[in-house]
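Novice: turn this into a structure:
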Amino acid sequence: MVYYFITGTSSGIGLALTQQLLGQKDAYVIGYSRRNAINHSRYKHIEVDFSQPGSAREVEIPEYRNAKHIVLINNAGILGDVKPIGKIDNELLEKTFMVNTISPAILTNRLLSAYLPISDSIIVINISSGAARHAVESWSGYCASKAAIDMFSMVLHAEQQLIDNRKVRVISVAPGIVDTPMQDSVRQVDPSYFPQSERFHQYKQKGLLAPSEQVAKKIVELIGNPPNDPIIDLRTI
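Specialist: Modelled structure (predicted):
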């Protein structure tokens, strides 16, 4: 049995990943989100709001003593307040880093601490963004928090290169422009705060957004054949 720990399973990529993985008979999924969207005998839902301080430190990480293969997918993410620096709501800025950077870092740390002694392999998938690698006006919180999780992934990868019998593989994945609730929120932003607003409306109107199911399928393929490079853009593979 492969145990998958996935955050943000109530919609978008997280939901599509969970549904596809549960189609595999050897998969058991532990899903973290604010609401439960799945009913399955091999699915355990844990209710949590990762924007709240302390949530990642305190949330349950079930320990399965027979778990030889573990996959953690840090998928939960928020766009945050789309405004120029100096006009951002400070509470929303804090929540953006809590969800996009602090929570996945803590969950990775906790899961490795719990499962390294008993598992044969651990794969960590961090859902990043092209915005982590290219500055987008008024997205400072989102760009910076995703860039931070890229670097966290690179450090974990570098640490594993020092180990002869390495058990851990890590991939920080930019999934491309995906048709998710986050894209809906982008299109609702006041254009006076977001110079690139029209471009994101065009993505939707021209059918350029990738379906969540298609992106999830590519991520499942990555898990089955993880690359050596910890920084991946799905649009290039």
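
Novice: can we go C-alpha only for contacts and neighbour counts from here?
Specialist: Noted.

Novice: which helices and strands does the helix or strand encompassing residue 19 pack with?
Specialist: With elements taken from DSSP states H and E, the one containing residue 19 is helix 12-21. With contacts taken as 3 or more Cα pairs under 8 Å, 6 or more residues apart in numbering; DSSP states H and E, helix 12-21 sits against strand 2-7, strand 27-33, helix 212-224.

Novice: what sits against the residue in the chain sticking out farthest from the centre?
Specialist: Farthest-out residue of the chain from its mean C-alpha position, per Cα atoms, centre = their mean: residue 192, at 29.2 Å. Residues counted as contacts of residue 192 (Cα atoms under 8 Å, 6 or more residues apart in numbering): none.

Novice: so what pairs up with residue 31 in the strands?
Specialist: residue 6, residue 45 (DSSP bridges).

Novice: what distance do you get for it to residue 62?
Specialist: According to Cα to Cα, to the nearest Å, residue 31 and residue 62 sit 11 Å apart.

Novice: can you pick out the residue with more neighbours from the two?
Specialist: residue 31 (27 against 12; other Cα atoms under 10 Å).

Novice: ok, that one touching residue 5?
Specialist: Yes: counting by Cα atoms under 8 Å, residue 5 is a contact partner of residue 31 at 6.0 Å.

Novice: excluding its backbone neighbours, what's nearest residue 223?
Specialist: residue 123 (7.3 Å; Cα to Cα, 6 or more residues apart in numbering).

Novice: please, where are all the strands along the chain?
Specialist: Assignment of strands within the chain using DSSP state E yields the ranges 2-7, 27-33, 43-47, 69-74, 121-127, 168-174, 231-233.

Novice: now render the ones you listed as a markdown table, adding mean pLDDT and distance to residue 103.
Specialist: Shown next, in a markdown table, are the strands of the chain (pLDDT from 0 to 100; distance: least, Cα to Cα, whole Å):
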| stretch | mean pLDDT | distance to residue 103 |
| --- | --- | --- |
| strand 2-7 | 98 | 10 |
| strand 27-33 | 98 | 12 |
| strand 43-47 | 98 | 14 |
| strand 69-74 | 98 | 9 |
| strand 121-127 | 98 | 11 |
| strand 168-174 | 97 | 15 |
| strand 231-233 | 96 | 19 |
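
Novice: between these, which one is closest to residue 187.
Specialist: Nearest to residue 187 among these is strand 168-174; the distance by Cα to Cα comes to 20.0 Å.

Novice: may I have the strands that pair with the closest one, each with its orientation?
Specialist: strand 121-127 (parallel), strand 231-233 (parallel).

Novice: could you identify which of those strands is most buried?
Specialist: strand 121-127 (a mean of 23; mean count of other Cα atoms under 10 Å).

Novice: what residues does that strand touch?
Specialist: 68-76, 104, 108, 112, 116, 149-150, 153, 167-175, 223.

Novice: only the buried subset of those residues, as a PyMOL command please.
Specialist: Typed into PyMOL, the line below selects the buried ones among these, using 16 or more other Cα atoms under 10 Å:
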select buried, resi 68+69+70+71+72+73+74+75+76+104+108+112+149+150+153+168+169+170+171+172+173+174+175+223
